[in-house]
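**Student:** What would the 3D arrangement of this be:
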Amino acid sequence: MSTSSQPDPESIKRMTMADPELLFRSFLNEREATGRTALFMGVEVNRPKCVETLLAFRADPNLPNSNGITPLQLACEKGFQTCIRVLVRNQASCQVSKGKSLVELIWASVPNLDERAELFAYLVANGAPIEDKRMQELIQQVPPESRNIFVKAVAEARVILARTKPGINGGINSPDKKAINAPESMEDGQ
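**Tutor:** Residues are numbered from 1 along each chain as shown. Sure, this is the predicted structure:
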């Protein structure tokens, strides 16, 4: 038997014969040279079915690459809406420790205002924090005739979050943050 930390070929052969799924899972979260896992690669090429399969085999959705970026952050950055939903449904954290917030990433990557508003509400409802001031700044970038979409998205996210995750740390219903409110001028679409 080998004295290194790596299993010897005979151990791998026995493990594979005894439980091939166990072997598969043991390599599932292995990282390649840049720190990417198989899940990360599935997101990079926008393959939601692949992502879903890897998650079903217990790939870690919160394992970052060597730059500290998670698969969910990458999906948001690329605007891969189905991958975003698959990851969030499978316990990917909407809390970001490095880089831009998820909301800011989708803001820059999803050109369609309706889709952007829907993802905005979805992420916030699932715990993506956004500071009140920053949210106001982002909404100000939207053409005035479309602002109601975002005001509605914020209201829907507030309702969903209050119902499903009261007091979530950093979310819009958190006791340590003011509730997100649209400015008076936005509520009537002006």
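**Student:** May I have the phi/psi pair for Val96?
**Tutor:** With angles defined as degrees, to the nearest 10, Val96 sits at phi -110, psi 130.
**Student:** So what's the residue count around it?
**Tutor:** Using other C-beta atoms under 10 Å, Val96 is surrounded by 21 other residues. Where C-beta positions appear, they are placed from N, C-alpha and C, glycine not excepted.
**Student:** Now that it has come up, it's in contact with Gln73, right?
**Tutor:** Yes. Contact criterion C-beta atoms under 8 Å: Val96 and Gln73 qualify, at 6.3 Å.
**Student:** so what's in contact with those two at the same time?
**Tutor:** By C-beta atoms under 8 Å, 6 or more residues apart in numbering, Val96 and Gln73 have these common neighbours: Leu102.
**Student:** Can you mark which positions in the lengthiest helix in the chain are buried?
**Tutor:** Ordering each helix of the chain by length in residues (DSSP state H) puts helix 147-164 first. Across helix 147-164, burial judged by 16 or more other C-beta atoms under 10 Å covers 147-151, 153-154, 156-158, 160-162.
**Student:** Now do the helix or strand containing Phe120: everything it contacts.
**Tutor:** Following DSSP states H and E, one finds Phe120 within helix 113-125. With contacts defined as C-beta under 8 Å, 6+ apart, helix 113-125 is touched by 76, 81, 84-85, 88, 94, 102-103, 106-107, 110, 130, 142, 146, 149-150, 152-154, 156-157, 160-161, 164, 171-172.
**Student:** how much does it deviate in direction from helix 147-164?
**Tutor:** 30 degrees (axes from the mean of the first three to the mean of the last three C-alpha atoms, to 10 degrees).
**Student:** could you give the mean pLDDT of the helix or strand just after helix 113-125?
**Tutor:** Downstream of helix 113-125, the first helix or strand assigned by DSSP H and E is helix 132-140. Here helix 132-140 scores 78 as its mean pLDDT.
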